[in-house]
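[1] Return a 3D structure for these sequence lines:
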Amino acid sequence: MAYSESMTRAYVEKRFPRASDAEHERLVVDWLTKPEQAEGIATDFERRVRPLVGLRVLDAGCGNGGISIAFTNSGAIVEGVDVEEDLIAIARTEATNVGSSVHFTCYDGITLPFPDNSFDAVISVSVLEHVDKPVRYLSEILRVLKPKGVLYLAFPNRLNPREAHTRLWGLTYLPLLLAHCYVHLTKHNPLKDNGIHFYTFWDAKQMLHSSEFSNRTWIIREEKGISANPLKILLKRIVRLFGIPHQAFLPHVMLILEAQKTA
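    Model prediction:
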């Protein structure tokens, strides 16, 4: 799978008109590497959760459709939704080009267009930081998941010294006004054009605690990671002694969540 460079460039220049030429180029290069990233996410899901064959999966914030297509290639039955019509059009074009059966839908960003208990799994990768009402977003995901269904959640960690979207060092540690100035002075795309919010593991945990659907809630699956580095293993054990999961310090917070009945 490979996206058209001309199609990608046209979208980036239209979507981010105030970004510099250098920033446009960086975004295009990032986009063109997404198919490889998407395949890695599909492999990681199977390692950490279960095989994808036959699973009904929702990509909640599918963007250009790369993850949806990669999951379909691994045997899942996938629905992709996004709030941007241009992205949905690109995703549909790419799916047609590669013969993928993914169904893409543009939605209002508030209510997912699916009945309760529709999916075995939901994917949300680099979406939460763009959502204006994250508790509502997570509650809707909880609604459409089947009991014991899982959410594969990943978002940039505010604690990481280098911000994921702009690649600027120290941006997330600044007060919001100074962060906007920093982005402007470095000629990056304005934060509000991306709708970026900065979150930590603890922010997400509070959102998950606040989100609800009927008598169902979230539980975070405990994971110890697969690192073979003795120093990393030691550090993970140390932070666990304080009740802190190692994911809280990763560049991207990555959590496997399960929809569990409370009564």
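[2] what's the burial count for A248?
    Residues within reach of A248, counting by other CB atoms under 10 Å, total 16. In this view, the C-beta of every residue, glycine as well, is placed from N, C-alpha and C.
[3] so how far is L255 from the closest residue to it other than its chain neighbours?
    With sequence-adjacent residues excluded and distances taken as CB to CB, 6 or more residues apart in numbering, A248 is closest to F201, at 3.7 Å. Remark: distance between F201 and L255 (CB to CB, to the nearest Å) = 8 Å.
[4] Spit out the residues that contact the two alike.
    Common neighbours of F201 and L255 are listed as Q247 (criterion: CB atoms under 8 Å, 6 or more residues apart in numbering).
[5] Out of the helices and strands in this structure, which is least certain?
    Across the helices and strands of the chain, the lowest-confidence element by mean pLDDT, DSSP states H and E is helix 230-241, at a mean of 75.
[6] buried ones in that helix?
    K236 (16 or more other CB atoms under 10 Å).
[7] Distance from it to the middle of the chain?
    Mean C-alpha position of helix 230-241 versus that of the full chain (CA atoms, centre = their mean, to the nearest Å) differs by 26 Å.
[8] next one: stretch 155-170
    Mean C-alpha position of stretch 155-170 versus that of the full chain (CA atoms, centre = their mean) differs by 15 Å.
[9] Show the average pLDDT along that stretch.
    Stretch 155-170 carries an average pLDDT of 93.
[10] Put the alpha carbons of it into PDB.
    Extracted C-alpha coordinates of stretch 155-170, given in PDB (Å, rounded to 0.1, in the frame of the first residue of the first chain):
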ATOM      1  CA  PHE A 155      -1.800   9.100  22.000                       C
ATOM      2  CA  PRO A 156       1.300  11.300  22.400                       C
ATOM      3  CA  ASN A 157       2.500  11.700  26.000                       C
ATOM      4  CA  ARG A 158       2.600  15.200  27.300                       C
ATOM      5  CA  LEU A 159       5.600  14.300  29.400                       C
ATOM      6  CA  ASN A 160       7.700  13.500  26.400                       C
ATOM      7  CA  PRO A 161      10.200  16.300  25.900                       C
ATOM      8  CA  ARG A 162       9.600  16.400  22.100                       C
ATOM      9  CA  GLU A 163       6.000  17.000  21.000                       C
ATOM     10  CA  ALA A 164       4.800  14.400  18.500                       C
ATOM     11  CA  HIS A 165       3.100  16.600  15.900                       C
ATOM     12  CA  THR A 166       5.300  19.600  15.700                       C
ATOM     13  CA  ARG A 167       8.600  17.800  16.700                       C
ATOM     14  CA  LEU A 168       9.300  20.900  18.900                       C
ATOM     15  CA  TRP A 169      11.300  20.300  22.100                       C
ATOM     16  CA  GLY A 170       9.700  21.500  25.400                       C
END
